[in-house]
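Visitor: pasting the structure only:
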């Protein structure tokens, strides 16, 4: 008598929405589409409405990209960036988070901030404040800076060498861990009306740090927030970035045009986590992707054709020039890009289209067209069943845990996800039917608690008597 085959329970697909507070994020030219609301990027109503839409779709977090870069590599000036709004103008995303959090109950917020651009002391207070105001729904995407324009804007002599940026960031992390984890003991803030004691001084520790890059002598100005340390995102895919992520990150954002590009990055970064004394599953990986969905494949293909009427390949190359430090305006559209080398810029942005997949040779023109809708990740176009098939295939082939969903037209892309894709993923048992209670860390890592796990290096900085 044969034994019935056991059904395989597959991991849930986690989803972040991917955005920037600019008229253009990853789909240059689409701000001109009649249904797109990107031009409302300066409106609080837009961001609050978007947050509510994302929560309706049970999205885990709004992952907000940011930098102080302005794209002046393409053509040697800012003309193309300004003409096409290629990530300029660009607002500070932190200002809108409190309003979005007030309008939602569960949606998380991952904000990008550069560990080479701001002193750790005021930044640590800002994150603690947001963690309090959001009820523990804040995450930090740790970046290290790569652009010449932002270095000049900050009065720096030049871009710090790639590996040196990560060395500075490692020390930066030690400083903020000391503030978040080690300055205030749990229970220090007694708030005793009868005695008039708000906090016990003996339970608030002065943090003295004397390092190579940072010096500090202070107490943390914020009492412990729900998570203490915000949920830690990271986006570097270079060998040094993988080592940094293996030590610090809880979630890693990866991007690439093919499964062959992503799978080795996921595997290598998990190995770095183990080398750092953590577990391979201590890190969740989110791959950038863009969904164009319809009730049928034909409807989705019609949407794509409609969107393609508005793309700007010149603006796409302006963005890619800024990311890589290479002036693509000087290159023949039919020229292959495999021979290009990068000095200042995001190494993985170029490697994903060159050495990352040796089976594929990209030309400049192909690069521009690929990046004109949704950026450097894949494009999933089709019916709910077809899109869900693609999502599952990428999960299985790469080892990722979910997606950072970019958009062609906003908020239409996220409305379509909530209305068309979510029911199909739920039918397959691959998507939640409700949020897990608690902080962002608890929602993503249940049954893990609100704070950093004991094996995370940041836990070593906790206030211990």
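Guide: On my side now, so go ahead. Model, not experiment: these values are computed from the prediction.

Visitor: my guess is residue 208 meets residue 217, correct?
Guide: Yes: here residue 208 reaches residue 217: they are 5.0 Å apart, a contact under Cβ atoms under 8 Å. C-betas here are computed from N, CA, C, even on glycine.

Visitor: what do these two both touch?
Guide: Common contact partners of residue 208 and residue 217 (Cβ atoms under 8 Å, 6 or more residues apart in numbering): none.

Visitor: Doesn't residue 111 lie inside a strand?
Guide: Yes: Residue 111: assigned to a strand according to DSSP: H, G, I helix; E, B strand; the rest coil.

Visitor: Make 24 the starting number, not 1.
Guide: Noted, 24 is the first residue going forward, which turns the last one into residue 134.

Visitor: pLDDT value on it, please?
Guide: You'll see residue 134 listed with a pLDDT of 95.

Visitor: That one: neighbouring residues, count only.
Guide: Close neighbours of residue 134, defined as other Cβ atoms under 10 Å, add up to 23.

Visitor: got it, and residue 179?
Guide: Neighbours around residue 179, by other Cβ under 10 Å: 14.

Visitor: likewise residue 332?
Guide: With other Cβ under 10 Å as criterion, residue 332 counts 10.

Visitor: again with residue 336
Guide: 18.

Visitor: Hmm, residue 391 and it touching each other?
Guide: Yes: counting by Cβ under 8 Å, residue 336 touches residue 391, with 3.9 Å between them.

Visitor: The stretch 324-473 of the chain: strands as residue ranges?
Guide: In the stretch 324-473 of the chain, the segments counted as strands under DSSP state E, counting those that start in this stretch are 402-405, 425-429.

Visitor: Go through those strands and name the closest to residue 283.
Guide: strand 402-405 (16.5 Å; Cβ to Cβ).

Visitor: so what secondary structure elements neighbour that closest one?
Guide: If you count contacts as 3 or more Cβ pairs under 8 Å, 6 or more residues apart in numbering; DSSP states H and E, strand 402-405 packs onto strand 307-316, helix 320-331, helix 407-421.

Visitor: Residues contacting it, please?
Guide: 312-317, 320, 323-324, 327, 396, 409-410, 413-414.

Visitor: Whichever of those end up buried, select them in ChimeraX.
Guide: This is how ChimeraX selects the buried members of those, with burial counted by 16 or more other Cβ atoms under 10 Å:
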select :312,313,314,315,316,317,323,396,409,410,413,414
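
Visitor: min pLDDT across the contacts of strand 402-405, which one?
Guide: Pick the lowest pLDDT in the contacts of strand 402-405 and you get residue 396, at 91.

Visitor: Let me see the contact set for that one.
Guide: Taking Cβ under 8 Å, 6+ apart, we find residue 396 in contact with 49-50, 53, 313, 315, 327, 330-331, 334, 402, 431.

Visitor: now with 7 Å?
Guide: Taking Cβ atoms under 7 Å, 6 or more residues apart in numbering, we find residue 396 in contact with 50, 313, 330, 334, 402, 431.

Visitor: How about residue 480?
Guide: With Cβ under 7 Å, 6+ apart, residue 480 has these contacts: 270-271, 299.

Visitor: Go again with 6 Å.
Guide: residue 270 (Cβ atoms under 6 Å, 6 or more residues apart in numbering).

Visitor: so residue 315 touches residue 325, yeah?
Guide: No: between residue 315 and residue 325 there is no contact under Cβ atoms under 6 Å: 9.8 Å.

Visitor: Scan the chain for its longest helix.
Guide: In the chain, with assignment by DSSP state H, the single longest helix is helix 185-205.

Visitor: How about that one, which residues are buried there?
Guide: For helix 185-205, by 16+ other Cβ under 10 Å, it's 185, 188-193, 195-205.

Visitor: The residue nearest to residue 157 when sequence neighbours are not counted sits in which helix or strand?
Guide: Among residues not flanking residue 157 along the chain, residue 124 sits closest, at 4.1 Å (Cβ to Cβ, 6 or more residues apart in numbering). Assigned by DSSP states H and E, residue 124 belongs to helix 117-125.

Visitor: now that helix: how far from the chain's centre is it?
Guide: With Cα atoms, centre = their mean, to the nearest Å as the basis, helix 117-125 stands 17 Å off its chain's centre.

Visitor: what do you get for stretch 133-151?
Guide: With Cα atoms, centre = their mean, you get 15 Å for stretch 133-151.

Visitor: What lies in contact with it?
Guide: With Cβ under 6 Å, 6+ apart, stretch 133-151 has contacts from 84, 86-89, 116-117, 162-168, 188, 191-192, 195, 198-199, 202, 239, 244-245, 248, 253, 256.

Visitor: List only those of those residues flagged as buried.
Guide: Among these, those that count as buried by neighbour count (16+ other Cβ under 10 Å) are 84, 86-89, 116-117, 162-168, 188, 191-192, 195, 198-199, 202, 239, 245, 248, 253, 256.

Visitor: In contact with the closest residue to residue 326 other than its chain neighbours: list those residues for me.
Guide: Among residues not flanking residue 326 along the chain, residue 315 sits closest, at 5.3 Å (Cβ to Cβ, 6+ apart). By Cβ under 6 Å, 6+ apart, the contact list for residue 315 reads 323, 326-327, 404.

Visitor: okay but residue 246 is in contact with residue 212, surely?
Guide: Yes: in this structure residue 246 lies within contact range of residue 212 using Cβ under 6 Å: 4.6 Å.

Visitor: Show me the shaky parts of this protein.
Guide: 24-31, 361-381 (pLDDT under 70).

Visitor: now for the helix holding residue 124, which elements pack on it?
Guide: If you count contacts as 3 or more Cβ pairs under 6 Å, 6 or more residues apart in numbering; DSSP states H and E, helix 117-125 packs onto helix 67-79.

Visitor: which residues sit against the helix it packs on?
Guide: 40, 60, 63, 85, 119, 122-123, 126-127, 130, 434, 437-438, 441.

Visitor: end to end, how far does stretch 257-266 reach?
Guide: 11 Å (Cα to Cα, to the nearest Å).

Visitor: Give me the buried positions along that stretch.
Guide: 257-261, 263-266.

Visitor: Over to stretch 92-104?
Guide: 92-98, 101, 103-104.

Visitor: What is the distance between it and the centre of its chain?
Guide: The answer for stretch 92-104 is 24 Å, by Cα atoms, centre = their mean.

Visitor: And for stretch 243-251?
Guide: 23 Å.

Visitor: Distance of the residue nearest to residue 157 relative to residue 216?
Guide: 28 Å (Cβ to Cβ, to the nearest Å).

Visitor: Residue 32 now?
Guide: Residue 32 sits 51 Å away from residue 216, going by Cβ to Cβ.

Visitor: before we move on, what about residue 191?
Guide: Distance, residue 191 to residue 216, by Cβ to Cβ: 44 Å.
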